[in-house]
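Engineer: just to be clear, the model below is a prediction. Sequence and coordinates:
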Amino acid sequence: MAEISRKVIFVHFHPLEQYPPAMNLVDYLGQIPAIQLKVITNKVSAHRNLKKYQSSSDRTTIYRPARDSVSGMIRYFNYVFYYLSSFFIILFQKPDAIIYTETLSAWPAILFKRWRKKKLLLLAHYHEYATPVEYETRMFLSKWMHKMELKDYAHYDWISQTNAIRLQKFVQDAHLKGLHNEVLHTFANYPPSSWLSAKVNPIGRPVRLVYVGSLGYGNMYLKELIEWILQKGEKYILDIYAHNIDEEAKQFLDKHKSNGIRFCGGCDYQALPQVLKDYDVGLVIYKPFSENTIHAVSNKVFEYLACGLDVWFSEEMTFTLQYTELNAYPKIVPVDFRNLSAFDDNAALDRDGLTYKPCAYFYETEYQQMANLLLGNYQQLN
C-alpha cells in the first residue's frame with residue numbers, strides 16, 4: 001500500500017474542535033503514509049474555550065480560511081470567503097478524493113466533482129440525520145446545497161450515516177434505492193483504541209457520576225437527574241463537563257450546585273481519558289426530541305466504555321437499546337429518566353459475579369473501510 005499515493009481533501013465546514021469524530025478521522029487518515037491529507041475547516045470561536053486542534057501527523061495540512069459563528073453581515077462575508085477559498089484550494093491541489101461532512105460542506109466538493117467526474121472520488125459523511133422537513137426549516141444555504149446533493153448522489157463513491165437505521169431513513173428520503181450498496185455505509189463514532197482502560201475494582205461510595213457533552217435544559221433530563229441525586233443524599237457525586245451549555249441549564253445548575261453536584265466547565269476531547277478514569281458511571285440523558293436522537297448512539301457511550309465506566313442512557317434512545325449489557329461490566333443500562341423513583345440503582349451498580357468485558361468499539365477498524373476505498377483496494381466489510 002505504501003507505494004500508492006493519494007491526494008485527499010477533507011472539507012468540514014464546522015470547526016473540527018466541535019466534532020471529536022472528525023478529529024479522529026483526520027488523525028487516522030493522516031497516519032497513513034500513502035495518503036497526502038489536506039483539511040479545510042473553520043476557525044473555532046474563542047468564546048467556546050476549545051483548545052485548537054493539531055493533527056497528530058505533521059504531514060497533514062489544515063486550512064482555516066474563516067470563522068463560522070460570527071453574527072451580522074460579517075457572517076455572510078465569512079460564508080462567501082470560506083466557500084470560495086475552499087474551492088480554490090481544491091482547484092490548486094487537484095485531489096484524487098474529497099471527503100466532506102454534512103450538507104454545509106458540500107458545495108465546493110460537488111462543484112469539483114462535476115468538473116473532474118470519474119477522475120475524483122467523492123465521499124460524504126453525515127454526523128447527524130435530518131428529515132426532509134428539517135431540511136426545509138434550515139437556512140437557505142443548507143437547503144440549496146442539499147438540492148445539489150440530491151441531484152448528484154448517483155455520482156458519489158461513498159455516502160455514510162452513523163448507523164443502519166439512520167442510513168435506511170436517509171436512503172428513503174433521498175430516493176437512493178437504486179444506488180449500489182457498496183456506496184452506502186455505516187460509519188460509527190468510536191474513540192481510539194489507545195483509550196482502552198479497565199476499572200476492575202468494585203464501585204465504591206459515593207458513586208461518582210459524570211456527564212460530558214453539550215447540555216440543554218429542554219432537550220435533556222437534567223432537572224429529573226439533579227432532583228433524583230439530591231433525594232439520594234450523599235450516595236452520589238455528579239460532575240458535568242460541557243463547553244456548550246444553554247442559559248436555562250446553566251441557571252438551573254447554579255441554583256442547585258452543592259458539594260455533590262458540580263459544573264466543571266469544558267473538557268478538551270484529548271484530555272477525556274485522563275479525566276474519566278476518576279469516575280464510575282457515565283450518563284447520556286437525551287430526551288426523544290428528534291428522530292436524530294431517537295435513532296442514535298451517542299459517541300459518549302463508547303467513550304465512557306473505553307475508559308472502563310458503566311453507562312446509564314435514556315431508554316428512549318431506542319437504537320442504543322441493542323447495546324444493553326447487564327451480565328458483564330462495564331454495564332450499559334437503559335434508564336427511564338421520566339420515572340427515576342422506579343429505577344433500581346443498586347441493581348444497576350451491582351457487579352457481584354460479573355466478569356470484565358473490554359470495550360470492542362474503536363475507530364481503527366471502523367475507518368479501515370474508508371481507507372481501503374481511498375487507496376483503491378476497497379472491499380465491502382461485513
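Structural biologist: All right, it came through fine.

Engineer: from here on, just use CA atoms for contacts and neighbour counts.
Structural biologist: Will do.

Engineer: leaving out chain neighbours, which residue sits closest to residue 320?
Structural biologist: In space, and not counting its chain neighbours, residue 320 is closest to residue 297: 5.1 Å by Cα to Cα, 6 or more residues apart in numbering.

Engineer: phi, psi of that neighbour?
Structural biologist: phi -120, psi 120 (degrees, to the nearest 10).

Engineer: that one reaches residue 322, doesn't it?
Structural biologist: No - between residue 297 and residue 322 there is no contact under Cα atoms under 8 Å: 9.8 Å.

Engineer: the more surrounded of the two?
Structural biologist: Using other Cα atoms under 10 Å as the criterion, residue 297 and residue 322 rank with residue 297 on top: 23 against 9.

Engineer: while we're on that one, how confident is the model there?
Structural biologist: For residue 297, the model assigns a pLDDT of 94.

Engineer: repeat for residue 2
Structural biologist: 44.

Engineer: buried ones in the top helix by length along the chain, by neighbour count?
Structural biologist: When the chain is parsed with DSSP state H, its longest helix is helix 72-93. The neighbour-count check on helix 72-93 (16 or more other Cα atoms under 10 Å) flags 78, 79, 82, 83, 85, 86, 87, 89, 90 as buried.

Engineer: where do the helices sit along the stretch 151-300 of the chain?
Structural biologist: Assigned by DSSP state H, counting those that start in this stretch, the stretch 151-300 of the chain shows helices spanning 164-173, 222-231, 247-256, 272-276, 291-294, 299-306.

Engineer: the third one vs helix 222-231, what angle?
Structural biologist: Put plainly, it is helix 247-256. Here helix 247-256 points in a direction 10 degrees away from that of helix 222-231 (axes from the mean of the first three to the mean of the last three Cα atoms, to 10 degrees).

Engineer: can you mark which positions in helix 247-256 are buried?
Structural biologist: Applying 16+ other Cα under 10 Å to helix 247-256 flags 249, 253 as buried.

Engineer: just give me how far that helix sits from the chain centre.
Structural biologist: Helix 247-256 sits 25 Å away from the centroid of its parent chain (Cα atoms, centre = their mean, to the nearest Å).

Engineer: please apply the same query to the fourth one.
Structural biologist: Averaging C-alpha positions (Cα atoms, centre = their mean) puts helix 272-276 17 Å from its chain's average.

Engineer: could you pull out the helices in the stretch 1-150 of the chain for me?
Structural biologist: 20-30, 72-93, 106-116, 132-136, 140-152.

Engineer: so for residue 372, which of the helices of the stretch 151-300 of the chain sits nearest?
Structural biologist: Proximity to residue 372 (Cα to Cα) singles out helix 164-173 among the helices of the stretch 151-300 of the chain, at 20.5 Å.

Engineer: tell me the buried residues in the closest one?
Structural biologist: 164, 165, 166, 167, 169, 170, 171.

Engineer: tilt between it and helix 140-152?
Structural biologist: Going by the same axes, to 10 degrees, helix 164-173 makes 80 degrees with helix 140-152.

Engineer: how about helix 164-173 as CSV, C-alpha atoms only?
Structural biologist: Taking C-alpha atoms only, helix 164-173 is exported to CSV below (Å, rounded to 0.1, in the frame of the first residue of the first chain):
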residue,chain,number,x,y,z
ALA,A,164,-28.1,1.4,9.9
ILE,A,165,-31.5,3.0,10.8
ARG,A,166,-30.3,6.5,10.0
LEU,A,167,-28.9,5.2,6.7
GLN,A,168,-32.1,3.4,5.8
LYS,A,169,-34.1,6.6,6.5
PHE,A,170,-31.6,8.7,4.6
VAL,A,171,-31.9,6.4,1.5
GLN,A,172,-35.7,6.6,1.6
ASP,A,173,-35.7,10.3,2.0
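
Engineer: in terms of secondary structure, what does that helix contact?
Structural biologist: strand 184-186 (3 or more Cα pairs under 8 Å, 6 or more residues apart in numbering; DSSP states H and E).

Engineer: who's in contact with the strand it packs on?
Structural biologist: 158, 159, 160, 161, 162, 163, 164, 167 (Cα atoms under 8 Å, 6 or more residues apart in numbering).

Engineer: relative to residue 259, which of those is nearest.
Structural biologist: Taking those together and measuring to residue 259 by Cα to Cα, the closest member is residue 162, at 37.7 Å.
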